[in-house]
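# This is the structure alone, sequence omitted:
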C-alpha cells in the first residue's frame, strides 16, 4: 500500500494535503477519484508524469521504496487507462445522444412540414362551391332563355295531371273496359293512360277486356288473354309528368340540335375552360358576363331549388 | 311540338279541379313530382337506409339513382330536372350533391366530385370521402377512420394497420366490385387510401353508372354541359 512509501516533505511537493490536514486517499486502488499529480508524488516521488527536478531527499526515498513505487506507478497507469476509456465512452455516448436528439428534431420538423403540405393540398369541395354550381346552372339558363327559339314564351297548355303522385294504374271502374298495350303505350277504351311498369315487362295486348282490378299498386289484375299481366302497375302525377317529358323528347326528333347552353364550371379548371380568343366556335350572341333577369336573385333561386 | 316546348311555362290542370294556374299550380306540380319520384315503390331513386339516423336527419333525405333502376324513367327524370330548373321551380327534397356534380361533368373531363388521379393519393381519398359524406355519412366516417385517428387526426401508421387489419383483404373491409384489382389484395397502409377512393367511386358512381348516365342523357338533351 502507498502508506508504506516514504513521505516527501519538500515544500514544493507537499501539495497533496488539504487545508484541513487530512490526507487524500486518491491512490487507493479502484477509487473513482481522478489520478492526480499530487497522488503520484505522494506515492513515492516516482516521476510518472512530473518532469520536475528531484530533491536529494526524494532520491533517497526512491531508493528505499523502489519496489513499492513501481507498483504504484503501474497501478496509476492502469487507473489512468481505465479513466481514459471511461471518459472516451462517456464522450461517445454524449455524441450519440446529441445525434439522436438532432435526428428526432429533424424528424419532427419533417413530419410537421409534411402535414402542412398535406393540409394545403387537401381542398375538398365545400358547400359554398356546390351552391356556386347551382348558381352557375341558373345563370346559364337565364342567359340562354332568349335563344330558346320561337314559341318558348307561350304557355304549355293542358298539362293535365293527377294530384296523387303514385297510384295504381287501373281502378275498379276499369273493369269491363277494353285495354290495348302497344310498345308500352296503354289505352283504356281508346283513351291513353300514363303507366309506369316498374320491373314488369309490358305485354302486347289488343282490345282485351279487363276482368278484375285491385286498385293499389301491385294489386291483383286480371286481363282476358293476358296472363302475364297480374299486378296493377303505377300511374299518377309522376307517371303523367314523365309521359309529358317523353313526348317532348319524342317530338323533338331523333337528332335534335341542343341549345347552346353552357354550364359554366364555378371551379377553376383553366385547362378545361375554352379560351374565348382561341375557341373555334365562339358564340357571338353570348354576353361576356352572365346577367340575371330583372327582379331575380340567386338567393331566391337557391331557395326555390332547395324547397 | 318544338324543342322550345321545354322552355315554355306550364299551365297545369289537376284532374277534377277547376283551379286556374297563375303559377301556383305549376309550383305545386313540380314540388309534388319531386316528392313523388323519390317514392320507394317507384324504384327510381334511393336514399340511404339507415335505422340509426334520427328523425331530424331523416327529414332531409338525399337521393341517388337507384342501382338497377329503369334507365328510360331516369332519362325522363333528367329531362324533368332540366325543365324544373329552366322554369325556376323546386327540385324536390334533395337530389344528392353528387348528382349535380355528375350532371355537370363533361365527357372526358375530370369529375369535380373526385380529385384528379395525378393529385396526391391522400388528397384523392379526402375528396372522395367528402363527396361520399353527402350521401352516406356513416360510410364516409368509417372510411375516414381507416385513414386517420378520429380524435387527433393523425394519419394511421403501418403498425396500426397491421394490428387492426392483419390478414384482411379489401373485400372484407370496403365495398368493392368483385374482380376489382384491390378486391383480394391484403390491406396495407400504402394501398388503404387508394381503396377508399375506389370504394367511394364505386358507391357513388360505378355501381349506378347506367342510371346516372341515363339521368344525364335526359338532363343534357337540350342543355349542353360545357366546362
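Perfect, thanks for sending it. Everything quoted here is computed from the prediction, not taken from an experiment.

# For chain B, give me its nearest residue in chain A.
residue A:165 (2.5 Å; Cβ to the nearest Cβ). In this view, the C-beta of every residue, glycine as well, is placed from N, C-alpha and C.

# if you look at stretch B:77-93, does any of it touch chain A?
Yes: looking at stretch B:77-93 against chain A by Cβ under 8 Å from any Cβ of the partner chain, the contacts come from B:77, B:79-80, B:83, B:85-86, B:88-91.

# Which pair of those residues spans the longest distance?
Greatest spacing in these, by Cβ to Cβ: B:77 and B:88 (18.2 Å).

# Those two: which is more packed in?
For residue B:77 versus residue B:88, the count of surrounding residues by other Cβ atoms under 10 Å in any protein chain shown is larger for residue B:77: 29 against 18.

# correct me, but that one touches residue B:217?
No: between residue B:77 and residue B:217 there is no contact under Cβ atoms under 8 Å: 10.7 Å.

# Out of the residues of stretch B:77-93 next to chain A, which sit inside helices?
Of the residues of stretch B:77-93 next to chain A, the ones assigned to helices by DSSP state H are B:77, B:79-80, B:83, B:85-86.

# Quick one: neighbours of residue B:21, just the number.
19.

# Repeat that for residue A:167.
With other Cβ under 10 Å as criterion, residue A:167 counts 19.

# Check residue A:234 too.
24.

# wait, it sits on residue A:170?
No: assessed by Cβ under 8 Å, residue A:234 is found out of contact with residue A:170, at 10.4 Å.

# Now which of the residues of stretch B:77-93 next to chain A would you call buried?
B:77, B:79-80, B:83, B:85-86, B:88-91 (16 or more other Cβ atoms under 10 Å in any protein chain shown).

# Can you give me the pLDDT of the residue in chain B positioned nearest to chain A?
The nearest approach of chain B to chain A comes at residue B:36, 2.5 Å away (Cβ to the nearest Cβ). Per-residue pLDDT puts residue B:36 at 88.

# now the strands: where do they sit in chain B?
Along chain B, the stretches classed as strands by DSSP state E are B:10-14, B:45-46, B:64-65.

# So in that sheet, which strands flank the second one, and in what orientation?
In other words, strand B:45-46. Strand B:45-46 has its sheet partners listed here by DSSP bridges as strand B:64-65 (antiparallel).

# Residues in contact with the partner strand: which ones?
B:44-47, B:74, B:95-96, B:98-99, B:135, B:204, B:208, B:211-212, B:214-215 (Cβ atoms under 8 Å, 6 or more residues apart in numbering or on different chains).

# Which one of these sits in the busiest neighbourhood?
Counting neighbours by other Cβ under 10 Å, residue B:215 comes out on top of those with 29 neighbours.

# Quick check: closest non-adjacent residue to that residue.
The spatial neighbour of residue B:215 that comes closest, neighbours along the chain excluded (Cβ to Cβ, 6 or more residues apart in numbering or on different chains), is residue B:78 at 4.1 Å.

# Just confirm the one you found contacts residue B:216, I think it does.
Yes: the pair residue B:78 / residue B:216 is scored as a contact, 6.2 Å apart, by Cβ under 8 Å.

# shared neighbours, these two?
In contact with both residue B:78 and residue B:216: residue B:103, using Cβ under 8 Å, 6+ apart.

# Settle it for me: which of those two has more neighbours?
Applying other Cβ under 10 Å to residue B:78 and residue B:216 shows that residue B:78 carries more neighbours, namely 25 against 22.

# show me the contacts for the more buried one.
B:103, B:214-221.

# I'd like these written out as JSON lines, with distance to residue B:181 and pLDDT added.
Below are those laid out as JSON lines (distance: Cβ to Cβ, whole Å; pLDDT from 0 to 100):
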{"residue": "B:103", "distance to residue B:181": "29", "pLDDT": "81"}
{"residue": "B:214", "distance to residue B:181": "27", "pLDDT": "93"}
{"residue": "B:215", "distance to residue B:181": "28", "pLDDT": "91"}
{"residue": "B:216", "distance to residue B:181": "27", "pLDDT": "87"}
{"residue": "B:217", "distance to residue B:181": "29", "pLDDT": "86"}
{"residue": "B:218", "distance to residue B:181": "33", "pLDDT": "86"}
{"residue": "B:219", "distance to residue B:181": "32", "pLDDT": "83"}
{"residue": "B:220", "distance to residue B:181": "31", "pLDDT": "78"}
{"residue": "B:221", "distance to residue B:181": "36", "pLDDT": "76"}
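
# show me what contacts the residue nearest to the spatial centre of chain B?
For chain B, the residue nearest the mean C-alpha position is residue B:98 (4.0 Å; Cα atoms, centre = their mean). Neighbouring residues of residue B:98 by Cβ under 8 Å, 6+ apart: B:64, B:113, B:131, B:134-135, B:204-205.

# 6 Å instead?
Each residue near residue B:98 by Cβ atoms under 6 Å, 6 or more residues apart in numbering or on different chains is listed here: B:113, B:131, B:204.

# Ok, residue B:210 next?
By Cβ under 6 Å, 6+ apart, the contact set of residue B:210 is residue B:71.

# do the same with residue B:83
Residue B:83 touches residue B:6, counting by Cβ under 6 Å, 6+ apart.

# Relative to residue B:64, how far out is the residue nearest to the centre of chain B?
Plainly put, residue B:98 is 7 Å away from residue B:64 if you go by Cβ to Cβ, to the nearest Å.

# Check the spacing between residue B:126 and residue A:67 real quick.
Distance from residue B:126 to residue A:67, by Cβ to Cβ: 83 Å.

# Please say which of the two ends up with more neighbours.
The neighbour count for residue B:126 versus residue A:67, taken as other Cβ under 10 Å, is higher for residue B:126 (26 against 10).

# coming back round to it: could you say which helix or strand holds the residue of chain A closest to chain B?
Residue A:165 is part of no helix or strand when elements are defined by DSSP states H and E.
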